[in-house]
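A.B. asks: got a sequence here, can you model it:
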Amino acid sequence: MEAEVQGYLTEFDILRGQIHESIQGLNDEAANWLPLPEGTNSIYAIISHLIGSQTHWVRRVIAGEAVQRDREAEFHASGRLTELLSRWGKASMESEAILEKLSLAQLGETRTVSGHPEWGRITVRWCILHLISHLAIHVGHIQLTRQLRDHRLS
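C.D. replies: This is a model prediction of the structure:
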C-alpha cells in the first residue's frame, strides 16, 4: 500500500476513534436526541450522514460504482445505535478496501462530481482530503451534541 494512502487511512481511523469515544455509553434515546427542535441533528443522524457521504465519495466518485443515496433522509434518520454502528463499520471496511488499492497515479486521476459543476474536475486525492475534512467537521458536531445532552442531564 502506498505510504500516502496509509496516511489517509490512519487519519480516518483517528477520526472514527474520536467518534467512538464520543458516543461511549449512549443508549438509543440519547443517540436520537436533538439539541433543538429545528436546525440541529442527532448523533444518529450525523453518523447516518457520514455513512452516506463516505459511500458517495469512495464508492461512487472514486470507484465509479452505482450507489443509491438519499442525502436529505440521512439528516432525519433515527433508530437503534447498534444497528447504525454496524452499518458504519461495514461502510468503512468497504471504503478502506477500495482506498488501500490506490496507486500514486490513481490518486492524481480526475473525477467529475455530479451536482457540483463549480468544482469542475477534481483529483481522487482531493476527494479523499475532502472526505477527511468533512468527517472532522462532523466529529466536532458529535462531540458538541454529546456535551449539550450530558449538560442537560446534570
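A.B. asks: and the gap between the nearest residue to residue 130 once chain neighbours are set aside and residue 128?
C.D. replies: Closest residue to residue 130 apart from its sequence neighbours, by C-beta to C-beta, 6 or more residues apart in numbering: residue 57 at 7.0 Å. C-beta here means a position set from N, CA and C on the backbone, and glycine is covered the same way. Distance, residue 57 to residue 128, by C-beta to C-beta, to the nearest Å: 8 Å.
A.B. asks: neighbour count for the two, which is higher?
C.D. replies: Remark: of residue 57 and residue 128, residue 128 carries more neighbours, 24 against 21, as counted by other C-beta atoms under 10 Å.
A.B. asks: so which helix or strand takes in the residue lying closest to the more buried one once chain neighbours are set aside?
C.D. replies: Nearest residue to residue 128, sequence neighbours excluded (C-beta to C-beta, 6+ apart): residue 8, at 5.2 Å. Taking DSSP states H and E as the definition, residue 8 sits inside helix 3-23.
A.B. asks: do residue 144 as well
C.D. replies: According to DSSP H and E, residue 144 maps onto helix 124-153.
A.B. asks: output the below-cut-off pLDDT ranges for the protein.
C.D. replies: Along the chain, segments meeting pLDDT under 70 span 153-154.
A.B. asks: rerun at 90
C.D. replies: Applying pLDDT under 90 to the chain flags the ranges 37, 113-120, 151-154.
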